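Q: Model the following, please.
(one chain, ligands or ions: 1)
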Amino acid sequence: MTGNAIEIEGLRKTYAGERGEAPKEALKGIDLTIPQGSIFGLLGPNGAGKSTLINILAGLVLKTSGKVKIWGFDQDVNPRQSRASIGVMPQELNMDPFFTPRAALEVQAGLYGVPKGQRTTDEVLRMIGLEDKAGAYARSLSGGMRRRLLLGKALVHNPHVLVLDEPTAGVDIELRQMLWQNVRRLNRERGMTIILTTHYLQEAEEMCDEIAIINHGEVVVRDETRNLLSRLDRKTLVIQPEGPAPETLPLPAGVELDRRAGGALAFAYSPSATAPGEILEAVREAGIRIRDVGTEEPHLEEVFLDLTRSRPAA
Ligand SMILES: Nc1ncnc2c1ncn2[C@@H]1O[C@H](COP(=O)(O)OP(=O)(O)OP(=O)(O)O)[C@@H](O)[C@H]1O
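A: Got it, this is the predicted structure:
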């Protein structure tokens, strides 16, 4: 093992065009490694290729070319081992309405060849909070319960790598917290590597150690979350003046002023070009007395927009 849970090299996927449409190049040569034990975020705008990538990892979509290793097992050389190393919680809620949660978990374990004596169905049911519903028909489960069951199904074979495709899209706060608690615990206690896609950038910022942003089938950036956030050479200095600020305020070049509700003055600046002291100096020279001062760091949302905006498809 190399210390990587996932190794992807030159991964390409071209979908055949349907009914006279041109073929669609969804992945254009992805190189990506995901370290063991990390919580890794896969982000990108709609249609970027995230689901295609995840479905290839899950063995649900055939790649066009490239190499995929899961837990050290090459998908083409050791398909069984690589499949056994990964569990995927899909986006869709399609499940057999006549299976009870217990039966659904047992069938799934059977599909993965987990011997009866080694199954942990009760433990999984407890973990996803469905013990009370273990014998209920799936069709009588709420949307949130179905989603928890999908998480359970991804865990029956105790995989090294757990992939969550948009796990919290459209779920309520309570379920979201429960999902994240479970995911954190699996990561901490079992060392499970977690890969997730999410549209909630704040969630990715809070949850993920590392992030890759995909756009138009290519990885545009991959870095530790904290490095990604410090990449944007933009900060904001917020000053609350004692009284009303004057109309005009001479500022160092490149500094932009935004007057906020409540009279606060927000100065956006590039730390590489301007020191915050220069802004404070300018404020004092304008005769403004400062009541309070603080800084705001950029958020992942800004990094994301910066990297994916105004880049047309090649
Ligand atoms: N089965 C398919 N046949 C043809 N084209 C497809 C197929 N599946 C996906 N695509 C196309 O491939 C591209 C990538 O799609 P994919 O679903 O992987 O993106 P995504 O990043 O997961 O998007 P979203 O966030 O909307 O789920 C899109 O242009 C999509 O239309």
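Q: Which residue comes closest to residue 148 once chain neighbours are left out?
A: Once flanking residues are discounted, residue 148 sits nearest to residue 128: 4.1 Å by CB to CB, 6 or more residues apart in numbering. From N, CA and C alone the C-beta is placed, and that goes for glycine too.
Q: quick one, what contacts the one you found?
A: 148, 149, 151, 152, 182 (CB atoms under 8 Å, 6 or more residues apart in numbering).
Q: if you set the cut-off to 7 Å instead, what comes out?
A: Going by CB atoms under 7 Å, 6 or more residues apart in numbering, residue 128 touches 148, 149, 151, 152.
Q: Now those residues in CSV, please, with extra columns for secondary structure and neighbour count.
A: As requested, the contacts of residue 128 are exported to CSV (DSSP: H, G, I helix; E, B strand; the rest coil; neighbours: other CB atoms under 10 Å):
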residue, secondary structure, neighbour count
148, helix, 25
149, helix, 26
151, helix, 22
152, helix, 26
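Q: quick one: which of the residues you listed is nearest to residue 42?
A: Closest approach between the contacts of residue 128 and residue 42, by CB to CB: residue 151, at 17.5 Å.
Q: can the contacts of residue 128 go into TSV with extra columns for pLDDT?
A: Shown next, in TSV, are these (pLDDT from 0 to 100):
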residue	pLDDT
148	89
149	91
151	92
152	94
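Q: So which of those residues reach the ligand?
A: When the contacts of residue 128 are filtered against the ligand using CB under 6 Å from any ligand atom, no residues are retained.
Q: between those, which is closest to residue 251?
A: Using CB to CB, these come closest to residue 251 at residue 151, 51.3 Å.
Q: State the pLDDT value of the residue lying closest to that closest one once chain neighbours are set aside.
A: Among residues not flanking residue 151 along the chain, residue 89 sits closest, at 5.1 Å (CB to CB, 6+ apart). pLDDT recorded at residue 89 is 91.
Q: what's the answer for the one 5 residues further on, then?
A: Looking at residue 94, its pLDDT stands at 71.
Q: Can you give me the neighbour number for it?
A: 9 (other CB atoms under 10 Å).
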